[in-house]
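[1] Following is a predicted model, sequence given first.
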Amino acid sequence: MSSVPLSQRRAVGDAGWQPTVTIVPTARARPAVPSLPRHVVLAAVPLTALAVSAIVIGGGAVSLARSLEGRVLPGVVVAGTDLSGLTLAQAAGQVTAVADAVLDTPLLLEAAGSTTTLTPRDLGARANTDAVVRLLQADRNGVGPWGWVRLRWFGAQAPPA
């Protein structure tokens, strides 16, 4: 039975009594986890990287297009004046200022010994700034995120107004 002498045995309710517990480890089999074939894993890595890259680039293009809403697209230059990022009202003011400067440029005319100074405006030249602003608006409305990327990388020419 027990090798502890009777004088040293303690009952369950006695002070200082401690149960003896023995933990016996048991070997359990781990559940089988199905593994993917190596070629599937190797193909999934570049496909995942490609999908993440497409999402990041697409998200950037959409974000950029939204940030430019109501503004002139980057890279738009009219008569040497950069209009990138301006609102249409600001762009109209810039185009009008450039047109006025060109129309008020003095021209020196010499003929048969007499000299006259005229401006293009004096000769009847007019600037159609409204048509330029309409082109800028049409350009803005017709360009989505991928169109902006195409315009930014490859450029485009608008017909003279």
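    The structure has been received and is ready for your questions.
[2] Every contact and neighbour count from this point should use C-alpha atoms.
    Noted.
[3] Give me the below-cutoff pLDDT ranges for this structure.
    1-19, 138-161 (pLDDT under 70).
[4] secondary structure element for the residue nearest the centre of it?
    Nearest to the mean C-alpha position of the chain, counting by CA atoms, centre = their mean, stands residue 60 at 2.1 Å. Using DSSP states H and E, residue 60 falls within helix 38-67.
[5] could you point out which element follows that helix?
    Next element after helix 38-67 (DSSP H and E): strand 77-78.
[6] Help me confirm that residue 88 comes into contact with residue 71.
    Yes. Using CA atoms under 8 Å, residue 88 makes contact with residue 71 at a distance of 6.2 Å.
[7] between the two, who's got more neighbours?
    residue 71 (21 against 18; other CA atoms under 10 Å).
[8] where exactly do the helices run in this protein?
    Residue ranges of the helices in the chain, as given by DSSP state H, are 38-67, 88-103, 129-141, 145-154.
[9] Tell me how far the longest one lies from the chain's centre.
    What that stands for is helix 38-67. 14 Å (CA atoms, centre = their mean, to the nearest Å).
[10] what comes up buried for that helix?
    61-62, 65 (16 or more other CA atoms under 10 Å).
[11] export these to TSV and tack on distance to residue 122?
    What follows is these, written out as TSV (distance: CA to CA, whole Å):
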residue	distance to residue 122
61	47
62	48
65	43
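[12] ok, those vs residue 45, which is closest?
    residue 61 (24.5 Å; CA to CA).
[13] What number of neighbouring residues does residue 126 come out with?
    12.
[14] Tell me how many other residues crowd the closest residue to it other than its chain neighbours.
    Nearest non-adjacent residue to residue 126, counting by CA to CA, 6 or more residues apart in numbering: residue 103, 7.4 Å away. Residue 103: 18 surrounding residues under other CA under 10 Å.
[15] That concludes my questions; thank you for your assistance.
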